[in-house]
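Colleague: test case, fold it:
(2 chains)
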Amino acid sequence: MSRLLSSRDLAPESSRKHGARPWGLWAATAIVALVTVAAIFGDWITMHDPIAHGNLLESRYLSPSLQHLFGTDKFGRDIFARVIYGGRVSLTIAFSVVCLSFSIGIFYGGFSGYLGGRVDKVMMRLLDFVLAFPLVFLVIAAAALFNVNNWSLILLLSLTSWMEIARVLRGEVLAIREMEYVRAARGMGLSHFQVLFRHVLPNAIQPLLVLIPFKIGEIVLMESALSFLGIGVQPPTPTWGNIINDGRDSLMLAWWISTIPGCLIALLVMSFNIIGEALQKKWRLD
Amino acid sequence: MSQARYWGSRVANSLMILWGTMSLTFLLMHLAPGDPSSIYIRPEIDPETVALIRQQMGLDLPLWQQYFVWLKEMVSGHFGFSFSHNQPVAEVLLEAIPNTLLLTVSVFVLQLIIGMTFGLYSALAGKRLFAKAIDLLLLFFYSIPGFWLALMAIFVFSGLLGWLPSSHMASFENFDNSIDILLDYAWHLVLPASVLALPFSAQTARLIESSLRTVLASDYIRTATAFGLSRRRIVLIYAMKNALLPLISLWGIYFPFLIGGSAIIEYIFSWPGMGQLLINAVFAHDTPTILGATTIGAFAVVLGNMLADILAAFIDPRIRLT
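Modeller: From the prediction side, this is the model:
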């Protein structure tokens, strides 16, 4: 971490205390860790099959019990198993989208800020342009018409979520490129590419790290909305969004199908947001 | 002069965004697999009829020609013909727009009342606990999926308690007088409007609180106090004017999200507006309707941003000078 220190960290020690919710931060970290572990080791946690139909005569719409922790749905599938596998799908998509959108954002923002001048102006105008789009409409239309699979869903979500990252990084790079050591690095004969990626970016990365938890939360929400509408991850593959859709028509009959995955989305996204806020406070970026 | 140039470039910019959105959506629609004519075409129809149908729908032309035909239609306000409604798109849109407008305006008024009340109270009472509660509420609303909140609201208030209707804009009954009809509308409006307004109002309350706090600590407020003006006059007239500015830019930023979010909420509540229209058109692969709805959505966003700018310039003369 010490390599990432910037002038902001020179503030007096007393003012760099943790956020006002240390217990909240612990709870948030625990929830994220728990969900991640459950997603990775899902096969060992539940013996039920998340996709195969259960006994249609005896195990439809069973309410939560020790046998089926979160109950069963209209096909007799165990909701606990579906939630765990669904979490795996949702988190995999969210992490992939974050990686991809950060790559796009870092390239775009890095070059825009480093090159400066007219190129920067044009690139930023283009960015404003994309930001002013009613993106939700476009995403819904595109996701439905292209019959997305998980890969194209990742691509679609990445292509619509890199703008903020590019803008933040561009601001940082713009300030850093005026520093003495950047000129020194150029003077030593390093290429622009080397200077940008080896010397400028590592010092501009901190505000981007803060964005990661917020972005993950945002993408979990977006993916679940699309899957809820039936145009994201396709059934029978479970995600939290399409499990909520499964239970939508039988809320009065079986409240657990839609309620539990929704609570989990809320808890997880809230945890990511709390972690993001804590990082923001710790590094005094707000 | 610079004034005219500023607004001129703003308008030009907005038109560019509008055109960009329309073109991008057009391109997306036509790159997508699946043919709009497919809903008319069954296996038993012979190829010549298929060709005729495609010709009637203008699908046999090259893409760039289709684009210009479509652009001409759009600019002249015709918006093409909806395959799934069997009606001109303009008519379908005209039916839906007032309903969305009703919902959006209600959401806006509702969030303004709730947000202002809580924000003002929080800033004036100066209780940190209250401000923290708003912070927490904001975090909560930021983190829950809107569509799930809507489902849960239907489950509790309509399913379990039976207090409020769960879908549509009005009951099927016929009412004799207009007051009953209006009340019926309002009755159906409560759930969808609240689901959209609550997250928005938390945002407004938070912003009002923080900006009012800053403004109240400034010199000119102290001067006003020293002049013996009443507290109410200082807060509501002198301080509010400056505290409103960040709020207006928030509205500009929030507006696209409100439009997008209301699409899913409309769909869940079967509210016969633009959002429901769009989502159903998407399922029906009804390209002209999708393009029409997206265009109106983009238009609304652009118009909303413009309004926010004009309002800001109206309240703060400094903006007009730059």
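Colleague: look up phi and psi at A:Gly232.
Modeller: Main-chain torsions, A:Gly232, degrees, to the nearest 10: phi -100, psi -120.
Colleague: so it makes contact with A:Thr239?
Modeller: Yes. Between A:Gly232 and A:Thr239 there is a contact under C-beta atoms under 8 Å: 6.9 Å. Where C-beta positions appear, they are placed from N, C-alpha and C, glycine not excepted.
Colleague: which residues are common contacts for those two?
Modeller: With contacts defined as C-beta atoms under 8 Å, 6 or more residues apart in numbering or on different chains, the residues shared by A:Gly232 and A:Thr239 are A:223-224.
Colleague: these two: which has the busier surroundings?
Modeller: A:Thr239 (33 against 27; other C-beta atoms under 10 Å in any protein chain shown).
Colleague: quick check: residues of the stretch 201-322 of chain B near chain A?
Modeller: Contact residues, the stretch 201-322 of chain B versus chain A (C-beta under 8 Å from any C-beta of the partner chain): B:256-257, B:259-261, B:263-264, B:267, B:278-279, B:282-283, B:285, B:290, B:293-294, B:297-298, B:300-302, B:305.
Colleague: can you rerun that using 10 Å?
Modeller: Counting by C-beta under 10 Å from any C-beta of the partner chain, the stretch 201-322 of chain B comes close to chain A at B:253, B:255-257, B:259-264, B:267-268, B:274-275, B:278-279, B:281-285, B:287, B:290-291, B:293-302, B:305.
Colleague: which among the residues you listed count as buried?
Modeller: B:255-257, B:259-264, B:267-268, B:274-275, B:278-279, B:281-282, B:284-285, B:287, B:290-291, B:293-302, B:305 (16 or more other C-beta atoms under 10 Å in any protein chain shown).
Colleague: which of the residues you listed fall within strands?
Modeller: Residues of those located in strands (DSSP state E): none.
Colleague: narrow those to those in helices?
Modeller: B:255-257, B:259-264, B:267-268, B:274-275, B:278-279, B:281-282, B:287, B:290-291, B:293-302, B:305 (DSSP state H).
Colleague: what ranges does chain B have for its helices?
Modeller: Under DSSP H, chain B gives helices at B:2-31, B:47-56, B:63-75, B:89-125, B:128-143, B:146-153, B:178-216, B:219-226, B:231-233, B:240-268, B:274-283, B:287-315, B:317-321.
Colleague: could those helices go into CSV alongside mean pLDDT and distance to A:Ile257?
Modeller: Putting the helices of chain B into CSV (pLDDT from 0 to 100; distance: least, C-beta to C-beta, whole Å) gives the following:
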stretch, mean pLDDT, distance to A:Ile257
helix B:2-31, 79, 33
helix B:47-56, 74, 42
helix B:63-75, 80, 43
helix B:89-125, 87, 28
helix B:128-143, 81, 21
helix B:146-153, 88, 11
helix B:178-216, 83, 20
helix B:219-226, 86, 54
helix B:231-233, 82, 52
helix B:240-268, 81, 16
helix B:274-283, 86, 22
helix B:287-315, 81, 31
helix B:317-321, 66, 51
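Colleague: need the winner for burial among those helices.
Modeller: Mean neighbour count (mean count of other C-beta atoms under 10 Å in any protein chain shown) peaks for helix B:274-283 among the helices of chain B, with a mean of 24.
Colleague: same for that helix, what does it pack against?
Modeller: helix A:135-145, helix A:206-229, helix B:89-125, helix B:240-268, helix B:287-315 (3 or more C-beta pairs under 10 Å, 6 or more residues apart in numbering or on different chains; DSSP states H and E).
Colleague: for B:Ala51, find the nearest of the ones you listed.
Modeller: Among the helices and strands packed on helix B:274-283, the nearest to B:Ala51 by C-beta to C-beta is helix B:287-315 (18.8 Å).
Colleague: between the closest one and helix B:89-125, how many degrees?
Modeller: Here helix B:287-315 points in a direction 40 degrees away from that of helix B:89-125 (axes from the mean of the first three to the mean of the last three C-alpha atoms, to 10 degrees).
Colleague: in chain A, where is pLDDT below threshold?
Modeller: A:1-21, A:54, A:56-57, A:59, A:62, A:132, A:134, A:285-286 (pLDDT under 70).
Colleague: can you name the residue of it nearest chain B?
Modeller: Closest contact between chain A and chain B, by C-beta to the nearest C-beta, is at A:Val136 (2.8 Å).
Colleague: against chain A, how distant is B:Leu110?
Modeller: 21 Å (C-beta to the nearest C-beta, to the nearest Å).
Colleague: just give the nearest non-adjacent residue to that residue, would you?
Modeller: B:Ala197 (4.0 Å; C-beta to C-beta, 6 or more residues apart in numbering or on different chains).
Colleague: isn't that neighbour up against B:Gly146?
Modeller: No. With contacts counted by C-beta atoms under 10 Å, B:Ala197 stays clear of B:Gly146, the gap being 11.4 Å.
Colleague: next up, the contacts around the closest residue to A:Phe133 other than its chain neighbours.
Modeller: Among residues not flanking A:Phe133 along the chain, B:Thr21 sits closest, at 5.6 Å (C-beta to C-beta, 6+ apart). Residues in contact with B:Thr21 (C-beta atoms under 10 Å, 6 or more residues apart in numbering or on different chains) are A:129, A:132-135, A:137-138, B:294-295, B:297-299, B:301-302.
Colleague: with A:Ile165 instead?
Modeller: A:98, A:101-106, A:108-109, A:207-208, A:211-212, A:215.
Colleague: in which helix or strand does it reside?
Modeller: helix A:163-176 (DSSP states H and E).
Colleague: tell me the angle the next helix or strand after that helix makes with helix A:163-176.
Modeller: Toward the C-terminal end, the helix or strand that comes next after helix A:163-176 (DSSP H and E) is helix A:180-187. Counting by the same axes, to 10 degrees, helix A:180-187 lies at 80 degrees to helix A:163-176.
Colleague: immediately after helix A:180-187, which helix or strand?
Modeller: Next along from helix A:180-187, by DSSP H and E: helix A:192-194.
Colleague: residues contacting the residue nearest to the spatial centre of chain A?
Modeller: Centroid-nearest residue in chain A: A:Ile216, 1.4 Å away (criterion: C-alpha atoms, centre = their mean). With contact taken as C-beta under 10 Å, 6+ apart, A:Ile216 is in contact with A:32, A:91, A:94-95, A:97-98, A:268-269, A:271-273, A:275-276.
Colleague: coming back round to it: just the C-alpha atoms of the helix holding A:Ile165, please, in CSV.
Modeller: Taking C-alpha atoms only, helix A:163-176 is exported to CSV below (Å, rounded to 0.1, in the frame of the first residue of the first chain):
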residue,chain,number,x,y,z
MET,A,163,-17.7,6.2,-18.0
GLU,A,164,-17.5,7.2,-14.4
ILE,A,165,-14.2,5.3,-14.0
ALA,A,166,-12.7,7.1,-17.1
ARG,A,167,-13.8,10.5,-15.8
VAL,A,168,-12.3,10.0,-12.3
LEU,A,169,-9.0,8.6,-13.6
ARG,A,170,-8.7,11.4,-16.2
GLY,A,171,-8.9,14.0,-13.4
GLU,A,172,-6.2,12.3,-11.4
VAL,A,173,-3.9,11.8,-14.4
LEU,A,174,-4.3,15.4,-15.5
ALA,A,175,-2.9,16.5,-12.1
ILE,A,176,-0.2,13.9,-11.9
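Colleague: tell me the residues of the stretch 51-200 of chain B that contact chain A?
Modeller: B:128, B:132, B:135-136, B:138-149, B:151-152, B:154-156, B:158-160, B:166.
Colleague: got a list of what A:Thr259 touches?
Modeller: A:70-71, A:244, A:247, A:251, B:148, B:151-152, B:155.
Colleague: B:Arg206: which of those residues is nearest?
Modeller: B:Trp148 (22.3 Å).
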